[in-house]
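1. here you go, sequence then predicted model.
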Amino acid sequence: RCVACGDEIGIAKGHTLPPQNHHQHAAGVGRIRWQLVVYAQPNG
């Protein structure tokens, strides 16, 4: 999740977080800062 704008993305196992230029903000929103949000899904 981008802390500045709230944009969220999904990442598959083995892939890395997107680069800093993955998306752009409008002026005044602030710089892109990714926050890792984890959801553990139980098996069964």
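-> Nice, I can see it. Numbering: from 1, shown residues only.
2. list the residues that contact Pro18.
-> 9, 34 (C-beta atoms under 8 Å, 6 or more residues apart in numbering). Backbone N, C-alpha and C define where each C-beta goes, glycine included.
3. so where is the protein shaky, pLDDT-wise?
-> Applying pLDDT under 70 to the chain flags residues 20.
4. 80 instead?
-> For the chain, the stretches flagged by pLDDT under 80 are 11-13, 16-23, 39-40, 44.
5. this structure: helices as residue ranges?
-> Read by DSSP state H, the chain holds no helices at all.
6. for it, just list every one of the strands.
-> Here the chain has no strands by DSSP state E.
7. count the neighbours of Cys5 for me.
-> 15 (other C-beta atoms under 10 Å).
8. distance check, it against Leu36.
-> 16 Å (C-beta to C-beta, to the nearest Å).
9. likewise for Gln24?
-> 21 Å.
10. repeat for Leu17
-> The value you get for Leu17 to Leu36, if C-beta to C-beta is used, is 8 Å.
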